[in-house]
Every structure is written in C-alpha cells, then in structure tokens.
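[1] no sequence on hand, only this structure:
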C-alpha cells in the first residue's frame with residue numbers, strides 16, 4: 001500500500017512540476033486512509049484528474065487495490081478528451097470516446 005501511495009503522490013508532483021505556460025493549480029484535494037486513498041486536482045488549462053482506491057480482499061491472506069478514476073485534458077485541436085478507468089486484479093481498463101474498442 002505504501003508503494004502505491006508513493007506512486008500516486010509522485011505522479012501528482014510530476015504533473016504539478018511539469019513546465020507549462022503559466023498553468024496554475026486551481027483545485028487540489030487528497031485523503032489517505034488505512035484502507036485506501038482519494039485525490040483530485042484541476043489546473044487552469046482545463047486538465048483534471050481524480051482517483052479513488054479501496055483495499056479489496058481477494059482471499060484469506062491476499063489483498064489488492066481497486067482503483068477507479070478519470071482524467072481529462074484539452075488536446076492540441078481544442079477538444080477536451082476524457083478517460084475513465086478501473087485498475088484492479090484484472091489490469092488497467094481505460095474507456096474513452098477517442099480510445100479504439102477492441
């Protein structure tokens with residue numbers, strides 16, 4: 001669990017530290033609990049991300065994180081792209097109108 005939380009916070013830090021033309025953080029929320037976490041942020045350029053995770057019992061001595069979330073950004077074409085996702089014992093499962101369906 002500590003490793004996952006570290007990855008989440010490093011991801012947020014990298015996004016916030018990335019060079020951009022006067023992009024400001026307009027919203028930042030986070031909560032760390034013994035059995036999960038959540039965070040959300042939004043920047044002045046229209047980018048957003050939110051994620052929630054809970055600890056799921058897979059067996060008597062096996063646990064895994066059940067993660068759900070979404071992110072959106074404005075592309076070079078001016079269109080807003082949104083991806084929603086689930087990540088769990090079955091892998092990363094993204095969905096979005098611009099993502100090809102297989």
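    Looks like it arrived, so ask away. Just so you know, these numbers come straight off a predicted model, no measurement behind them. Numbering: from 1, shown residues only.

[2] tell me the confidence at the residue most central in space within the chain?
    Among the residues of the chain, residue 51 comes closest to the average C-alpha position under CA atoms, centre = their mean, at 4.3 Å. The predicted local confidence for residue 51 comes out at a pLDDT of 97.

[3] what do you get for residue 12?
    pLDDT, residue 12: 54.

[4] ok so, going back, what lines up beside the helix or strand hosting the residue nearest to the centre of the chain in the sheet?
    With elements delineated by DSSP states H and E, residue 51 resides in strand 48-59, which encompasses its position. Using DSSP bridges, the strands paired with strand 48-59 are strand 36-43 (antiparallel), strand 62-74 (antiparallel).

[5] list the contacts for the residue nearest to the centre of the chain?
    Residues touching residue 51, when contacts are defined by CB atoms under 8 Å, 6 or more residues apart in numbering, comprise 8, 37-40, 67-69. Heads up, the C-betas are built off the backbone N, CA and C, glycines and all.

[6] one more time with 6 Å, if that's ok
    With contact set as CB atoms under 6 Å, 6 or more residues apart in numbering, residue 51 has these partners: 39, 69.

[7] so what pairs up with it in the strands?
    Each beta-bridge partner of residue 51 is listed here: residue 39, residue 69, as defined by DSSP bridges.
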